[in-house]
Each structure stands twice: as C-alpha cells, then as structure tokens.
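**Student:** Next input, structure requested:
(one chain, ligands or ions: 1)
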Amino acid sequence: MKKIGVLALQGGVIEHINHVKALGCEAVEVRKVDELDDLDGLILPGGESTTIGKLLRKTGIFDKLKDKISSGFPVWGTCAGMILLAKSIENDGAIHLQTMDITVMRNAYGTQINSFIEEKIIGEVSSEPIPLVFIRAPYITKVEDNVQVLCKVANNVVAARQNNMLVTSFHPELTDNLDMHKYFIGMCS
Ligand SMILES: NC(=O)CC[C@H](N)C(=O)O
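**Tutor:** Residues are numbered from 1 along each chain as shown. The predicted structure is shown next:
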C-alpha cells in the first residue's frame with residue numbers, strides 16, 4: 001500500500017488525508033522531520049505560505065525536504081503549497097523551497113471574497129471536467145521549458161508538472177472529485 005504524507009504544520013490537512021484514504025492509500029500527517037522517511041510522496045496543502053514557510057524551517061523539515069525533492073521525491077503543492085515550491089514569487093520577497101522552475105503571483109485573484117469555482121477538463125488527468133476551487137489563489141506567471149502546463153484558466157496557468165513536482169492553484173480536496181489525487185498518487189511509486 002502506498003504511504004502518502006500531508007504536511008500538517010498549518011492549513012487544510014484533513015481533507016487531503018480523507019481523499020488519499022478514499023483512494024486506498026495510507027495517509028499520514030507530517031509534523032516532524034523524521035516523518036518524511038518511508039513516504040511515497042508528500043502533499044503540501046493550502047494555507048498561508050509565509051506561516052508554513054517559517055514552520056518548515058523551525059521544525060527542521062526544510063533542508064531534508066528540499067534535498068529529497070531534488071532527488072526525485074514526489075510532491076504536490078496546492079495553493080500555498082505551490083508558492084512554497086516556486087523558484088520565484090513576483091509579489092513577495094520570501095524564500096521558500098524554490099525547487100520548481102515556475103514564477104508565481106500570490107493572491108493573484110484578489111482577496112477571500114474573490115474566491116470562485118470553475119469546471120475544466122485537464123486532459124492529462126481525466127476526460128471529465130473537474131471542479132476547481134480557488135481561494136485567495138496564486139497563479140503561475142512564468143514557466144521554464146522543462147515545466148509541463150496542465151491547465152489554464154483565463155489564460156493563466158493554474159496547474160503544472162515538472163517531473164516529480166505537481167502544483168495546482170486550486171483545491172481538489174475541497175470537492176468530492178478524486179481525480180487530481182489519483183493522478184498524484186500515480187506519480188508516487
Ligand atoms: N488557499 C491558499 O492556500 C491561499 C494561499 C495564500 N493566499 C498565500 O499566499 O499563502
């Protein structure tokens with residue numbers, strides 16, 4: 001059985017845990033550095049990227065996780081998680097993991113009140129439309145050639161993959177749809 005971690009320092013953890021379990025995998029909350037061992041992949045959830053970034057360093061998870069990702073460990077960043085993985089952030093000077101060759105814009109759609117839902121077919125993931133929930137979401141403003149764009153909304157990139165790294169601006173864990181989780185678990189072996 002695959003063992004998938006969800007970084008549980010801050011943000012929306014339990015919904016990811018439930019989706020992973022619904023797909024027949026073991027799901028574990030990760031709060032300490034040694035809990036990174038023996039995982040087949042890790043989800044970095046939505047929340048507040050500045051706070052999660054600080055806690056990553058405080059717990060000592062930062063360095064080990066960065067090394068693991070660089071050696072091919074599968075990770076999926078949703079929303080704040082996407083910001084943590086991005087090489088650069090247009091409107092924030094914070095330095096996070098910087099493992100993925102994308103530039104992001106934080107809060108690109110405005111404040112909480114501008115949250116919205118959209119349906120899209122993401123061809124790599126499913127032939128059926130997937131509901132996409134955006135909450136104070138970032139989007140990707142630049143990708144390097146080695147990054148595969150998976151989905152755009154209104155011409156902005158909202159899902160992308162670079163080898164072992166997957167990012168989505170939206171929150172599939174807040175819907176009943178399991179397709180994105182199934183796709184990520186397929187990346188974990
Ligand atoms: N839902 C989310 O994860 C929002 C991300 C948040 N706006 C940030 O910049 O960290």
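**Student:** Flag every residue of this protein that's near the ligand.
**Tutor:** 46-49, 79-80, 83, 106-107, 135-136 (Cβ under 6 Å from any ligand atom). (Glycine included, C-beta is placed from N, CA and C.)
**Student:** could these go into a markdown table alongside pLDDT, secondary structure and neighbour count?
**Tutor:** Output for the residues of the chain next to the ligand, formatted as a markdown table (pLDDT from 0 to 100; DSSP: H, G, I helix; E, B strand; the rest coil; neighbours: other Cβ atoms under 10 Å):
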| residue | pLDDT | secondary structure | neighbour count |
| --- | --- | --- | --- |
| G46 | 97 | coil | 29 |
| G47 | 97 | coil | 21 |
| E48 | 97 | coil | 15 |
| S49 | 98 | helix | 27 |
| C79 | 97 | coil | 28 |
| A80 | 98 | helix | 26 |
| I83 | 98 | helix | 30 |
| R106 | 97 | coil | 20 |
| N107 | 95 | coil | 16 |
| I135 | 95 | coil | 18 |
| R136 | 93 | coil | 18 |
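**Student:** For the residue positioned nearest the centre of the chain, list each beta-bridge partner.
**Tutor:** Nearest to the mean C-alpha position of the chain, counting by Cα atoms, centre = their mean, stands G77 at 1.2 Å. Counting by DSSP bridges, G77 is bridged to L44, V167.
**Student:** Does it touch L44 like I think?
**Tutor:** Yes. Because the distance of 4.3 Å satisfies Cβ atoms under 8 Å, G77 is recorded as touching L44.
**Student:** between these two, what contacts are shared?
**Tutor:** 84-85 (Cβ atoms under 8 Å, 6 or more residues apart in numbering).
**Student:** now the strands for this protein?
**Tutor:** For the chain, the strands defined by DSSP state E occupy 3-7, 26-30, 41-44, 75-78, 86-89, 100-105, 116-121, 129-134, 139-143, 148-153, 156-162, 165-168.
**Student:** Now mean pLDDT too, for these, in a markdown table please.
**Tutor:** Listed next are those as a markdown table, based on pLDDT from 0 to 100:
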| stretch | mean pLDDT |
| --- | --- |
| strand 3-7 | 98 |
| strand 26-30 | 98 |
| strand 41-44 | 98 |
| strand 75-78 | 98 |
| strand 86-89 | 98 |
| strand 100-105 | 98 |
| strand 116-121 | 96 |
| strand 129-134 | 97 |
| strand 139-143 | 98 |
| strand 148-153 | 97 |
| strand 156-162 | 98 |
| strand 165-168 | 98 |
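**Student:** Among those, pick out the one with the most neighbours on average.
**Tutor:** strand 75-78 (a mean of 28; mean count of other Cβ atoms under 10 Å).
**Student:** Please save the CA atoms from that one in PDB.
**Tutor:** Output in PDB follows, covering the C-alpha atoms of strand 75-78 (Å, rounded to 0.1, in the frame of the first residue of the first chain):
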ATOM      1  CA  VAL A  75       5.400  16.300  -4.100                       C
ATOM      2  CA  TRP A  76       2.200  18.100  -4.800                       C
ATOM      3  CA  GLY A  77       1.700  21.700  -3.700                       C
ATOM      4  CA  THR A  78      -1.900  23.000  -3.600                       C
END
